[in-house]
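model this:
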Amino acid sequence: MATVTADKVVNHDLYAKGNVSALDWTFKNIARTFSAGERIGNIYSYFVDSKGQLYWLIYLSRADYDNQNPIYVLQETGKLDVPDLPNILQKIADEQKAAAIEKSGVVGYYLQTYLPYIVGAVVIAIALPSIVKSIKK
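Okay, the predicted model is just below:
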């Protein structure tokens, strides 16, 4: 399964799955609270603080963007949702497949991927008549 990194989530919408508090630039004041199901906004960027905590940087309006006044939402497991996640995962998987094909070539990639099935089918095709013959005796 593909691993989603923070950079892959930038430019996607973030929603609250529970009550989520967004902080202002001081990281001490709650700028806004979002309730379950509410759209928080489009993720503009992210950063990791000195404690290793991931924060999403979001501008709530064009005026906030123009004034460089974002909100910061702490990444908390189970409290946030990115509905585009299946599409993000598919894109990552497609990129990984394309990289593997580029690395080993088209023929090499598909041989590497499907050769065990081809060999298994050939073995069954060769062995099956003998097995059926021995069962009938």
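
State the three-state secondary structure for Leu57.
On the three-state scheme (DSSP: H, G, I helix; E, B strand; the rest coil), Leu57 is labelled strand.

Torsion angles phi and psi at Asn11?
Dihedral pair for Asn11: phi 80, psi 20, per degrees, to the nearest 10.

Might one say that it is in contact with Asn42?
Yes - counting by Cβ atoms under 8 Å, Asn42 is a contact partner of Asn11 at 6.7 Å. C-beta: built from backbone N, CA, C; applies to glycine.

and the longest strand for this protein?
Counting residues, the longest strand found in the chain (DSSP state E) is strand 39-48.

partners of it, with directions?
strand 13-16 (antiparallel), strand 54-58 (antiparallel) (DSSP bridges).

Okay, buried residues for that strand please.
Neighbour-count burial for strand 39-48, counted by 16 or more other Cβ atoms under 10 Å, picks out Ile40, Gly41, Ile43, Tyr46.

Identify, from the residues you listed, the entry nearest to Leu60.
Gly41 (5.7 Å; Cβ to Cβ).
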